[in-house]
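Novice: need a structure here:
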Amino acid sequence: MVRFRPTAAFVTAVAAFAFMFAVWHANPTGFDNYVYLADAWTHGRNWIDFPGDFIDAIPFHGRAYIVEAPMPAILLFPAVLAFGTHANQTLLSNVLGAVAVFAAWRVCQNAGLRRVPTIAATAFLFFGTSLFVCATVGDVWFVSHTAAAAFTLLTLAECFGRRRAWLVAIWAVAAAFSRYPLLAVLPIYLCLLLARDLRKVTLERFLTPLVPALIAWMLYNYSRWQTLFDPAFSLFYRIMDTRHLAAPDAFSLDNVPMQTRAFFLSPPILIPAPPWIVPPYFGFSISFTSAPFLYALFAGASIDALALWLAALATALPAFAYFDIGGAQYGMRHALDFEPFLFALLVLALKRRPSSVAVAALGIFAAFGAYEGLVWLLAPSLTH
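Specialist: The predicted model follows:
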């Protein structure tokens with residue numbers, strides 16, 4: 001009889017799930033777009049029963065279609081089959097947050113990091129970014145970011161570990177179908193695998209799961225929009241958001257100054273009574289939540305580091321060109337598209353250049369993020 005022996009990564013993930021559940025009790029969200037989408041699939045269609053314009057859905061040829069990428073709905077499909085529209089999207093988000101913690105630990109472990117830096121780095125990723133709040137709340141935008149981060153970290157753990165090309169492709173496409181900017185990273189993963197082990201990795205092994213998934217995605221798009229690629233975000237901007245009248249493009253270099261201010265220059269609110277430091281309800285710059293990512297600059301000039309920098313850049317560019325900073329959020333949720341790559345670079349830097357000061361900074365920012373995240377979640381009246 002085989003006995004299950006929980007690893008440190010698994011135990012840490014369970015602890016993260018328990019903490020999220022204790023804070024939020026997996027309260028169902030009103031923005032459960034993925035439940036509506038999965039429910040539509042149970043009826044053999046891609047258009048949803050439209051509950052109202054409080055969710056991101058586009059009227060198109062007399063029907064309503066969900067805007068966001070479909071992976072969380074795929075994950076919810078069994079629950080929706082069992083419970084219908086009473087399926088709990090927040091619970092899925094909690095599970096994905098725990099998976100992200102598990103995968104982050106595995107990235108550290110596979111990179112050869114010692115136990116204390118691994119604990120500090122994993123805690124920092126969870127609390128020192130938007131991940132904790134996004135995974136806890138489970139609104140449509142939050143669960144998509146959580147899913148993308150979880151699958152990207154699983155991809156990176158495999159790249160640092162056994163480097164099985166087929167599994168890298170599966171995790172990577174799952175991340176990309178959670179957040180579309182991650183489609184840009186697919187060729188970077190392949191180049192990284194080929195550069196690391198040309199004898200073990202073949203193009204066929206990488207493409208075998210990837211090609212059918214991309215074909216299915218294009219057919220899904222064609223059934224909705226009569227085009228092979230997904231124009232939903234641009235359509236939503238032009239149909240549902242009046243800002244397009246003043247700014248004609250959903251993705252434009254004109255949006256870079258606004259995004260730069262949001263990403264780097266939005267400070268916390270200081271008040272003269274507890275909790276003293278309050279995160280703004282509509283965005284809190286990574287300069288204040290996630291400064292230890294700067295240590296990634298010491299990752300060196302290896303092939304791994306170069307690929308990770310390219311991946312971070314490729315996934316950051318859409319966020320900085322986008323017309324919207326993300327609305328109600330703790331931190332900057334769009335940064336979760338590229339922060340897993342910065343995390344991997346941070347791990348490489350800690351391995352290459354161990355630093356007790358850097359590890360202490362990770363712990364301090366993790367504690368600060370946990371505190372501020374709880375303020376954002378539990379005292380919203382203070383954050384406006």
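
Novice: Distance check, Val80 against Trp276.
Specialist: 43 Å (C-beta to C-beta, to the nearest Å). No exception for glycine: its C-beta is placed from N, CA and C like everyone else's.

Novice: more neighbours, the two?
Specialist: Val80 (22 against 12; other C-beta atoms under 10 Å).

Novice: got the contact list for the closest residue to the more buried one other than its chain neighbours?
Specialist: Leaving aside its sequence neighbours, Val80 sits nearest to Ala38 (C-beta to C-beta, 6 or more residues apart in numbering; 4.0 Å). Contacts for Ala38 (C-beta atoms under 8 Å, 6 or more residues apart in numbering) come out as Ala73, Ile74, Leu76, Phe77, Ala79, Val80, Ala87.

Novice: which of the residues you listed count as buried?
Specialist: Buried by 16 or more other C-beta atoms under 10 Å: Ala73, Ile74, Leu76, Phe77, Ala79, Val80, Ala87, out of the contacts of Ala38.

Novice: State the distance spanning the first to the last residue of stretch 375-384.
Specialist: From its first residue to its last, stretch 375-384 covers 12 Å (C-alpha to C-alpha, to the nearest Å).

Novice: Now do the strands in the chain.
Specialist: With DSSP state E as the criterion, the chain has strands at 57-60, 63-66, 269-270, 277-278.

Novice: Show the secondary-structure elements that the first one is packed against.
Specialist: Put plainly, it is strand 57-60. Secondary-structure packing of strand 57-60 (3 or more C-beta pairs under 8 Å, 6 or more residues apart in numbering; DSSP states H and E): strand 63-66, helix 232-240.

Novice: Run the chain-centre distance for it.
Specialist: For strand 57-60, the separation from the chain centroid amounts to 24 Å (computed by C-alpha atoms, centre = their mean, to the nearest Å).

Novice: What of stretch 219-231?
Specialist: Its chain's C-alpha centre and that of stretch 219-231 lie 24 Å apart, by C-alpha atoms, centre = their mean.

Novice: who's in contact with that stretch?
Specialist: Contact with stretch 219-231 is made by Asn46, Trp47, Phe60, Tyr65, Ala69, Pro70, Tyr180, Trp217, Met218, Ala232, Leu235, as judged by C-beta under 8 Å, 6+ apart.

Novice: The same query, at a cut-off of 10 Å, please.
Specialist: Contacts to stretch 219-231, defined as C-beta atoms under 10 Å, 6 or more residues apart in numbering, come from residues 45-47, 58, 60-61, 63, 65-70, 177, 180, 183, 214-215, 217-218, 232, 235, 238, 250.

Novice: Can you tell me which of those are classed as buried?
Specialist: Buried members of the contacts of stretch 219-231, counted by 16+ other C-beta under 10 Å: 46-47, 58, 65-70, 177, 180, 183, 214, 217, 232, 235, 238, 250.

Novice: coming back round to it: how about the strands of the chain in a markdown table, adding distance to Arg352 and mean pLDDT?
Specialist: A markdown table is the format used below for the strands of the chain (distance: least, C-beta to C-beta, whole Å; pLDDT from 0 to 100):
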| stretch | distance to Arg352 | mean pLDDT |
| --- | --- | --- |
| strand 57-60 | 47 | 90 |
| strand 63-66 | 43 | 94 |
| strand 269-270 | 37 | 94 |
| strand 277-278 | 33 | 96 |
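
Novice: For the ones you listed, give me TSV that also has distance to Phe142.
Specialist: What follows is the strands of the chain, written out as TSV (distance: least, C-beta to C-beta, whole Å):
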stretch	distance to Phe142
strand 57-60	17
strand 63-66	15
strand 269-270	22
strand 277-278	20
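
Novice: out of the ones you listed, which comes closest to Val107?
Specialist: Smallest distance to Val107 across the strands of the chain (C-beta to C-beta): 29.8 Å, for strand 277-278.

Novice: pLDDT weak spots in the chain?
Specialist: Applying pLDDT under 70 to the chain flags residues 1-5, 198-201, 247.

Novice: try 90 this time
Specialist: 1-6, 50-56, 59-62, 191-205, 233-250, 381-384 (pLDDT under 90).

Novice: possible to save the contacts of Ala38 as CSV with distance to Met332?
Specialist: As requested, the contacts of Ala38 are exported to CSV (distance: C-beta to C-beta, whole Å):
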residue, distance to Met332
Ala73, 25
Ile74, 26
Leu76, 26
Phe77, 30
Ala79, 30
Val80, 31
Ala87, 29
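
Novice: wait, which of those is closest to Thr202?
Specialist: Set against Thr202, the nearest of those by C-beta to C-beta is Ile74 (27.3 Å).

Novice: Could I get the full set of helices for the stretch 151-300 of the chain?
Specialist: With helices called from DSSP state H, counting those that start in this stretch, the stretch 151-300 of the chain shows them at 165-176, 186-196, 203-225, 232-240, 256-264, 286-289.

Novice: Tell me which of those helices sits most buried.
Specialist: Most buried of these, by mean neighbour count (mean count of other C-beta atoms under 10 Å): helix 165-176, with a mean of 24.

Novice: ok, Phe365 - contacts?
Specialist: By C-beta under 10 Å, 6+ apart, the neighbours of Phe365 are Ala120, Ala123, Phe124, Phe127, Gly128, Thr129, Phe288, Thr289, Ser290, Ala291, Pro292, Phe293.

Novice: 8 Å instead, please
Specialist: Shown in contact with Phe365 (C-beta under 8 Å, 6+ apart): Phe124, Phe127, Gly128, Thr289, Ser290, Ala291, Pro292.

Novice: just the buried members of those residues?
Specialist: Buried among the contacts of Phe365 (16+ other C-beta under 10 Å): Phe124, Phe127, Gly128, Thr289, Ser290, Pro292.

Novice: how about those, which pair is most distant?
Specialist: Maximum pairwise distance among the buried ones among the contacts of Phe365 (C-beta to C-beta): 11.5 Å, between Phe127 and Pro292.

Novice: what's the closest of the contacts of Phe365 to Phe17?
Specialist: The closest of these to Phe17 turns out to be Phe127 (C-beta to C-beta; 14.4 Å).
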